[in-house]
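Engineer: show me how the following folds:
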Amino acid sequence: MDRFNSITCRITGLMFLAVALTVFLLIYLANEQMIELFQEYLVVQQMETHMGDASGHLSGGGHSMTGMGPLEESFLASVHQSLIWVGLAILATGLAASYTLARSITVPLRNLSRAARKLEQGDYDQKVVVETKDEIGELADIFNRMAETLATNTNLRRQLLANIAHELKTPLTVIQGHLEGMVDGVIAANKEQLLSLHEEAVRLNRLLKDLRDLSLAEVRQLALEKRPTDINQLVGRAVAMLKPLADAKDIQISCSLAAALPEISIDRDRMSQVIYNILVNAVRYSPPKGRVEVTTVLREEDLCRRLTVSVADNGPGIETEDIPYIFDHFYRSDKSRDRKSGGSGLGLAIVKQLVEIHGGQVTVSSQKEKGTIFRVVLPVE
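Structural biologist: Prediction:
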C-alpha cells in the first residue's frame, strides 16, 4: 500500500492544510491591518503635535502622513516576525494534533486489518483490543464477536463430522462383520442374521434421510405439502402410537386438548414427526410410573393468534449448561453416546428446523429433578 495514500497521511494532510490556510490568512490580514492602523496612528500623533503650527503642518504633513521613520519600521518588522513565529508554532501544533488524531483512527484499523488477515488464513483465535466506545470501538467489538462465532462454528463443524463418522461407523461395522463372517463360513446365513443386517441397513438409511432432511430444512429448501389440519388429531395419533412404549415403562400419558381449535396450514407428516420426536424423548427420559402431559392451547399475542403444543414430563430434567445446545446436531448430554440413553442426537435438531420452516418456534424449560417442558408455537393464519 502506498504510504502517501494511507488514511493517516490524508487526514493529516487535510487538517494541516486547513490549519495552514487559517494561519496564513490571519497573518496576512493582521499585517495589512497593522500597517494601515499604524499609519493612521502616526498621522493623528503628528496632527496633534503640529496643531498650532498651520504652515509647518501644511509643509510637512504630506511627508509625515505617508512615511515612517526607522523606529516605526523596526517596530513593525518585529511585530511581523513575532506573527510569523506564532504562525509557525500554530502550524507545528496543528500538524502534531492532526497526526495524533489520524493515528488514533488508523492504528485500530491496522490492528483490525492484521487480525482479519489472520482470520482469513484460518486462525480464528483473534481478538482486537477495544479501547474506545466510538465507531472504531464498535467495529472492533463486532469483529471480536464475529471471530468467536466463526471459531464456535468451526468447532461445531468438526464435532459434527466426528459425530457423523461415529453414527455411520456402528451400523457399517456390524454389517461388514456379519458379511465377512458369512463369507468365511463362521456365521450361518440364516434368516435371523439377515434380519439383523436388514435392521442395521434400515437404521443407516434412516440416519442418512434425517441428515438430508435436516440439511434441506436449514437452507429452507425442504419441500412442504401444507394443508389445513386439526392439530389435536395429530397429537392424538402420536399419543396412540407411543402408548405401547409408555405402557412398557408404566408411564401415563394424559392429554388436555383445547376444544374447537382452528385448522392450521401445515405439512401433516412433518408436524407429526415433530410431535412424535418430542413425545419419544419425554417417554424415554421419564422414570418408571412417570407421567407425560400433552396440552394444546390457542393464544392471541400482539394481534396474532398462535397455537401452542406443550409436552411436559416429570423426568430428571436437563442440566442448565446443556439447554442452549440441545437443538444442535448430534448433541447428547450423555457424552458417551450410549444407545440406551438416547438416539442419534438428530431428533431435536430436526424438530427445531421443521418448526421454524413452518414459521413457528420451539422452546424448552427444565428444572433438575422436576421435569422438562417443550413448547411448539405455530402461527394461525
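
Engineer: show me what the host helix or strand of residue 172 is packed against.
Structural biologist: Taking DSSP states H and E as the definition, residue 172 sits inside helix 135-184. Here helix 135-184 touches helix 70-120, helix 191-218, going by 3 or more CB pairs under 8 Å, 6 or more residues apart in numbering; DSSP states H and E. Bear in mind the C-beta positions are built from the backbone N, C-alpha and C, glycine included.

Engineer: and the first one with helix 135-184, angle?
Structural biologist: Computed by axes from the mean of the first three to the mean of the last three CA atoms, to 10 degrees, the angle separating helix 70-120 from helix 135-184 equals 10 degrees.

Engineer: also the last one?
Structural biologist: Regarding helix 191-218 and helix 135-184, their directions subtend 160 degrees when assessed with the same axes, to 10 degrees.

Engineer: pull out the buried positions in helix 191-218.
Structural biologist: 197, 200, 204, 207, 210-211, 213-214, 217 (16 or more other CB atoms under 10 Å).

Engineer: let me know the secondary structure of residue 294.
Structural biologist: strand (DSSP: H, G, I helix; E, B strand; the rest coil).

Engineer: in three-state terms, label the closest residue to it other than its chain neighbours for me.
Structural biologist: In space, residue 294 comes closest to residue 255 once its chain neighbours are excluded; the distance is 4.9 Å by CB to CB, 6 or more residues apart in numbering. Taking three-state DSSP as the rule, one finds residue 255 in the strand state.

Engineer: rewinding a little: which of the buried residues of helix 191-218 sits closest to residue 147?
Structural biologist: Using CB to CB, residue 214 is the member of the buried residues of helix 191-218 that lies nearest residue 147, at 26.7 Å.

Engineer: identify the residue nearest that closest one in space, chain neighbours excluded?
Structural biologist: residue 350 (5.4 Å).

Engineer: tell me the secondary structure at the one you found.
Structural biologist: helix.

Engineer: tell me the contacts of it?
Structural biologist: Taking CB atoms under 8 Å, 6 or more residues apart in numbering as the criterion, residue 350 is in contact with 210, 213-214, 217, 273-274, 277.

Engineer: export these to JSON lines and tack on pLDDT?
Structural biologist: Output for the contacts of residue 350, formatted as JSON lines (pLDDT from 0 to 100):
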{"residue": "210", "pLDDT": "80"}
{"residue": "213", "pLDDT": "82"}
{"residue": "214", "pLDDT": "79"}
{"residue": "217", "pLDDT": "81"}
{"residue": "273", "pLDDT": "89"}
{"residue": "274", "pLDDT": "92"}
{"residue": "277", "pLDDT": "90"}
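
Engineer: from these, which is closest to residue 122?
Structural biologist: residue 214 (26.2 Å).

Engineer: how close does that closest one sit to residue 203?
Structural biologist: 16 Å (CB to CB, to the nearest Å).

Engineer: next: residue 145.
Structural biologist: Taking CB to CB, one finds residue 145 at 40 Å from residue 203.

Engineer: same question, residue 327
Structural biologist: With CB to CB as the criterion, residue 327 and residue 203 are 22 Å apart.

Engineer: for residue 176, same thing?
Structural biologist: On the measure of CB to CB, residue 176 and residue 203 end up 15 Å apart.

Engineer: now swap in residue 257 and tell me
Structural biologist: Taking CB to CB, one finds residue 257 at 33 Å from residue 203.

Engineer: repeat that for residue 159.
Structural biologist: 21 Å.

Engineer: before we move on, what about residue 158?
Structural biologist: For residue 158 relative to residue 203 (CB to CB), the value is 24 Å.

Engineer: show me what counts as buried in stretch 367-374.
Structural biologist: The neighbour-count check on stretch 367-374 (16+ other CB under 10 Å) flags 371-374 as buried.

Engineer: next, the distance between the ends of that stretch.
Structural biologist: 12 Å (CA to CA, to the nearest Å).

Engineer: now that stretch, how far from the chain's geometric center?
Structural biologist: Chain-centre distance of stretch 367-374: 30 Å, with CA atoms, centre = their mean, to the nearest Å.

Engineer: same question for stretch 103-118.
Structural biologist: Counting by CA atoms, centre = their mean, stretch 103-118 comes out at 20 Å from the chain centroid.

Engineer: could you list the low-pLDDT ranges of the stretch 251-381 of the chain?
Structural biologist: For the stretch 251-381 of the chain, the stretches with pLDDT under 70 are 331-345.

Engineer: would you map the helices across it?
Structural biologist: Using DSSP state H, counting those that start in this stretch, the helices of the stretch 251-381 of the chain run over 268-285, 347-357.

Engineer: and the first one, what does it pack onto?
Structural biologist: Right, helix 268-285. strand 226-229, helix 231-248, strand 291-301, strand 304-313, helix 347-357, strand 371-379.

Engineer: by how many degrees do that helix and strand 304-313 diverge?
Structural biologist: 30 degrees.

Engineer: quick check: buried residues in helix 268-285?
Structural biologist: Going by 16+ other CB under 10 Å, helix 268-285 has these buried residues: 268, 270-285.

Engineer: cool, and the last one?
Structural biologist: Of the residues in helix 347-357, those scored as buried under the neighbour-count criterion (16+ other CB under 10 Å) are 347-355, 357.

Engineer: now what about stretch 164-183, what contacts it?
Structural biologist: So stretch 164-183 is contacted by 187-189, 193, 196-197, 200-201, 203-204, 207, 211, 330, 337, 344 (CB under 8 Å, 6+ apart).

Engineer: quick one: buried residues of stretch 99-109?
Structural biologist: Neighbour-count burial for stretch 99-109 flags 99, 102, 106, 108 (criterion: 16+ other CB under 10 Å).
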